[in-house]
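1. Predicted model, plus sequence, below.
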Amino acid sequence: MTENPFLERATRFVSALRHCQVLGITVHDASGEGMTLVLPYGPHIVGDPLTGVIHGGALTSLMDTACGMATLCVLPEFEVCPTLDLRIDYMHPAAPHKPVYGFAQCYRVTTDVIFTRGFAYQDDPQQPIAHVVGTFMRMGKLLKGTQRLGNTVKGEKA
């Protein structure tokens, strides 16, 4: 069995995120091509108790996390990359009592911003629940207590 460094790093990272613990989000797959997370169905994520449809906020959390974690698939080392912008287009509601998968990939990496795209689906990736695009700010591996000022770190010469 070959080891998958993407999967190992992603699993370690997602297990440390409190919102993933609460929602039950886990890593389904990770590779150089992208990241797939899974959101299991549960009563705590239901938005409409009459229909059992999952709350949009839970799907947004899944997709923001998938896009943010896709940065792990393209960067040689871990970097802090907070969300700058996230847009989700919902195609149709998720079917009740089924898990939702969120796939995301990075399609452009610059020195300051990473651009991502992806989709949420249940049974068939060709029938997405939602499409997402997001941008994430590269903060690098800043030392604790330092501040980024433009392209330099406080205390360093430009």
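-> Happy to help now that I have it.
2. Tell me the secondary structure at the closest residue to residue 53 other than its chain neighbours.
-> Once flanking residues are discounted, residue 53 sits nearest to residue 93: 4.6 Å by CB to CB, 6 or more residues apart in numbering. For the C-beta atoms, the positions are set from N, CA and C on the backbone; glycine is no exception. Here residue 93 is recorded as coil under DSSP: H, G, I helix; E, B strand; the rest coil.
3. Double-check residue 93 against residue 54; I have them as touching.
-> Yes. Counting by CB atoms under 8 Å, residue 93 does reach residue 54; the two are 7.5 Å apart.
4. who's more crowded, the two?
-> residue 54 (27 against 16; other CB atoms under 10 Å).
5. For residue 107, which three-state class applies?
-> Classified using three-state DSSP, residue 107 is strand.
6. could you check the distance from the residue nearest the centre of the chain over to residue 14?
-> Closest residue to the average C-alpha location of the chain: residue 66 at 1.9 Å, with CA atoms, centre = their mean. Residue 66 is 10 Å from residue 14, where distance means CB to CB, to the nearest Å.
7. what sits in contact with each of the two?
-> residue 37 (CB atoms under 8 Å, 6 or more residues apart in numbering).
8. hang on, the earlier thing: show me what contacts the residue nearest to residue 53?
-> 51, 53-54, 129.
9. Now rank those by neighbours and give me the top one.
-> residue 54 leads these on contacts (other CB under 10 Å) with 27 neighbours.
10. nearest spatial neighbour of that residue, skipping sequence neighbours?
-> residue 94 (4.6 Å).
11. for that neighbour, what are its contacts?
-> Residue 94 touches 53-54, 59, 100, 120, 122, 129, counting by CB under 8 Å, 6+ apart.
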